[in-house]
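1. quick one, fold the following:
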Amino acid sequence: MRIAFPALLRRFPGLALADADEQVDFRVFSVVYGLNTLPVTW
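-> Take a look at the predicted model:
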């Protein structure tokens, strides 16, 4: 992810979160902690 996210943002500079930071849905009851979804706009 350290390589993928910066590369994605360089490729699509207009990429932005579609929702407020507080509305991002995290997986809390999973073996791997992370996001359920990451809605973006461009």
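
2. strands of this structure, residue ranges please.
-> With strands called from DSSP state E, the chain shows them at 16-17, 26-27, 34-35, 40-41.

3. partners of the second one in the sheet?
-> Think strand 26-27. For strand 26-27, the paired strands and their directions (DSSP bridges) are strand 34-35 (antiparallel).

4. residues in contact with the strand it pairs with?
-> Residues outside strand 34-35 that contact it (CB atoms under 8 Å, 6 or more residues apart in numbering) are 24, 25, 26, 27. Yep, even glycine has a C-beta here, placed from its N, CA and C like the rest.

5. try it again with 6 Å
-> Taking CB atoms under 6 Å, 6 or more residues apart in numbering as the criterion, the residues outside strand 34-35 that touch it are 26, 27.

6. please state the offset of that strand from the chain centre?
-> Strand 34-35 sits 8 Å away from the centroid of its parent chain (CA atoms, centre = their mean, to the nearest Å).

7. excluding chain neighbours, what is closest to the most centrally placed residue in the chain?
-> Closest to where the C-alpha atoms of the chain average out (CA atoms, centre = their mean) is residue 38, at 4.3 Å. Leaving aside its chain neighbours, residue 38 sits nearest to residue 24 (6.8 Å; criterion: CB to CB, 6 or more residues apart in numbering).
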